[in-house]
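> this one's sequence-less:
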């Protein structure tokens, strides 16, 4: 098989892009798309909120797939007040793409951050990637594709790092993709467990963060940073810092979990987790002040 006029070589860059595209693509499934009664090119591309992911995808599309007319769709929250012209100018500088190839779309209510779709209108490329997709199980089993980079791409697209449970979670509703993830992790000798939600969402849990970080690793900076912080003992999340603002009036002179519960009406367990995480991040001091029932009472103050 050839891809855009040259033989397919599943190097690390193409393997990563296939993995990410498998998890979070911006492609039309039909060979062509009908717009305003006219038949136009099929679309091939990826979606991400992380600029380093989009930059890498653009580079692979330019160098590896020989695509020149790459477009960017800037997806913004409904309440975003930045003008479209300014967004296009900023995006052009970030990705080094002409402003004429950039458009802006005001997204749905759930969107909270600015996201980007990098894509090309190329029916043949889109069609061939779906051929690759339908062959992926065989490519993974025979290790024709670079397993490590393929899994990195899927993790960048569908992975999440939970600082409370200290797990990496890969999520998908597609059983075909689930089987590829399982086969890939087994090839990499990484242990995993699987759960299925009521909405038929499969979650693959990876507990050995050290081995994942050493052998696969996220390319996405914010996700890998979370893994690195867990490995260093820092469990603090952005959400914990938001809670800290609420707790601050009581933390200045010192307080306990029970007192914070009385003041804020938050669940005792939630407060305990947040304080533990803030302490691991080095922003709180904790002192045992004596036994209460069968355990200790802890007194928290800011550092």
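Done, it's in. Only a predicted model underlies this, so the values are computations on that prediction, with no experimental measurement involved. Residues are numbered from 1 along each chain as shown.

> Show the model's pLDDT score for residue 38.
At residue 38 the predicted local distance difference test score is 46.

> Quick check: which ranges of the stretch 1-150 of the chain have low pLDDT?
Within the stretch 1-150 of the chain, the segments meeting pLDDT under 70 span 1-7, 28-41.

> domains for this structure, by residue range?
Structural domains annotated on the chain: 2-134, 143-231, 238-302, as defined by automatic domain parsing.

> Can you lay out those as CSV showing mean neighbour count?
Where you see a C-beta, it was placed from the backbone N, CA and C, and this is true even at glycine. Shown next, in CSV, are the domains of the chain (neighbours: other C-beta atoms under 10 Å):
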stretch, mean neighbour count
domain 2-134, 16
domain 143-231, 17
domain 238-302, 15
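
> For the stretch 101-250 of the chain, which segments are assigned as strands?
Taking DSSP state E, counting those that start in this stretch as the test, the strands found in the stretch 101-250 of the chain are 102-106, 115-121, 159-162, 167-172, 193-196, 202-206.

> Report the inter-axis angle for the second one versus strand 102-106.
If you take axes from the mean of the first three to the mean of the last three C-alpha atoms, to 10 degrees, strand 115-121 sits at 130 degrees to strand 102-106.

> how far does strand 115-121 sit from the chain's center?
Averaging C-alpha positions (C-alpha atoms, centre = their mean, to the nearest Å) puts strand 115-121 17 Å from its chain's average.

> who does that strand touch, helix- and strand-wise?
strand 43-48, helix 51-59, strand 71-76, helix 84-95 (3 or more C-beta pairs under 8 Å, 6 or more residues apart in numbering; DSSP states H and E).

> hmm, try it at 10 Å
If you count contacts as 3 or more C-beta pairs under 10 Å, 6 or more residues apart in numbering; DSSP states H and E, strand 115-121 packs onto strand 38-41, strand 43-48, helix 51-59, strand 71-76, helix 84-95, strand 102-106.

> export the ones you listed to a markdown table and tack on distance to residue 217?
Listed next are the helices and strands packed on strand 115-121 as a markdown table, based on distance: least, C-beta to C-beta, whole Å:
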| stretch | distance to residue 217 |
| --- | --- |
| strand 38-41 | 35 |
| strand 43-48 | 17 |
| helix 51-59 | 13 |
| strand 71-76 | 26 |
| helix 84-95 | 24 |
| strand 102-106 | 31 |
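
> shouldn't residue 55 be in contact with residue 95?
Yes. Between residue 55 and residue 95 there is a contact under C-beta atoms under 10 Å: 6.3 Å.

> between those two, what contacts are shared?
116, 118 (C-beta atoms under 10 Å, 6 or more residues apart in numbering).

> Can you give me the end-to-end span of stretch 95-112?
Using C-alpha to C-alpha, to the nearest Å, one end of stretch 95-112 lies 21 Å from the other.

> Run through who's touching it.
Stretch 95-112 is contacted from outside by 49, 51, 54-55, 58-59, 69-80, 82-93, 113-118, using C-beta under 10 Å, 6+ apart.

> before we move on, the earlier item: of the helices and strands packed on strand 115-121, which is nearest residue 244?
Evaluated over those, closeness to residue 244 peaks at helix 51-59, with 27.8 Å, by C-beta to C-beta.

> now the angle between strand 43-48 and that closest one, please.
160 degrees.

> How far does helix 51-59 sit from its chain's centre?
The chain centroid and the centroid of helix 51-59 are separated by 14 Å, computed with C-alpha atoms, centre = their mean.

> can you check stretch 94-105 too?
23 Å.

> again, but for stretch 199-216
13 Å.

> What sits closest to residue 144 if chain neighbours are left out?
Distances taken as C-beta to C-beta, 6 or more residues apart in numbering put residue 10 closest to residue 144, at 5.8 Å, once the chain neighbours are dropped.
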